[in-house]
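> missing the sequence, but the structure's below:
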C-alpha cells in the first residue's frame, strides 16, 4: 500500500467515526460544555475543519474553502474571522447548526482526499515549502 493511500484511508476512518458520533445530536448537545472552560462539540468540529482547511490551503497555495465557498457566511462570521483557538474566542463563537458543521468538515475532507490522490511515493519525500 502506498503511503498516500494509507493516509487517505486513515482520514476516511476518522471522518466516518466523527460524523457517525455526531449523527442525531440535538442542538443542546452540540453546544453543551461540561465545564465553563471546556470546548463544546460544535467548537471542536468547526475548529478541526478550519484547521485542516487552512493547513491544506497553505501547503497548496490555495484560497481556503472558508472563503471560496463562503462557509464564513453559513457560520455567521466575517470572511477574515480567525479560527478562535483561545478561550475568549470560544465564548464568543457562534456555533452553527450541526448540518453546517458536518457539511464544512466533509467539504474540507473531500479536498484533502483529492490532494492526497494526486500524490506518488516520490512526492512524499519532498517537504512542503513553509513560506
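Noted; the coordinates are in hand. Fair warning: this is a prediction, and the values are worked out from it, not measured in the lab. Numbering: from 1, shown residues only.
> contacts and neighbour counts: CA atoms only from here.
OK.
> give me the phi and psi for residue 118.
phi -80, psi 0 (degrees, to the nearest 10).
> what ranges do the strands span in this protein?
Counting by DSSP state E, one finds no strands in the chain.
> give me the distance between residue 114 and residue 21.
24 Å (CA to CA, to the nearest Å).
> again with residue 57
Distance of residue 57 to residue 21, computed by CA to CA: 27 Å.
> and these two? which has more neighbours close in?
More neighbours surround residue 57 than the other of residue 57 and residue 21, with 16 against 10 (other CA atoms under 10 Å).
> so who does that one touch?
Each residue near residue 57 by CA atoms under 8 Å, 6 or more residues apart in numbering is listed here: 63, 64.
> these two touch, right, residue 78 and residue 72?
Yes: here residue 78 reaches residue 72: they are 6.1 Å apart, a contact under CA atoms under 8 Å.
> the two: which has the busier surroundings?
The neighbour comparison of residue 78 against residue 72 (other CA under 10 Å) goes to residue 72, with 17 against 12.
> what sits against the more buried one?
66, 78, 79, 81.
> in those, which has the lowest confidence score?
Across these, the smallest pLDDT goes to residue 81, namely 78.
> for that residue, give me its contacts.
residue 72.
> and it, how close does it get to residue 16?
Counting by CA to CA, the gap from residue 81 to residue 16 is 28 Å.
> residue 47 now?
18 Å.
> quick one, which of those two is more surrounded?
Taking neighbours as other CA under 10 Å, residue 47 and residue 16 compare with residue 47 leading, 18 against 11.
> middle-most residue in this structure, spatially?
residue 49 (1.0 Å; CA atoms, centre = their mean).
> pretty sure it sits against residue 110.
No: using CA under 8 Å, residue 49 is not in contact with residue 110, being 11.3 Å away.
> could I get the contacts of residue 72 as TSV with distance to residue 121?
Below are these laid out as TSV (distance: CA to CA, whole Å):
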residue	distance to residue 121
66	30
78	39
79	36
81	36
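> which ones among these lie within helices?
Using DSSP state H, the subset of the contacts of residue 72 located in helices is residue 66.
> out of the contacts of residue 72, who's nearest residue 105?
Residue 105 has its nearest neighbour among the contacts of residue 72 in residue 66, at 10.6 Å by CA to CA.
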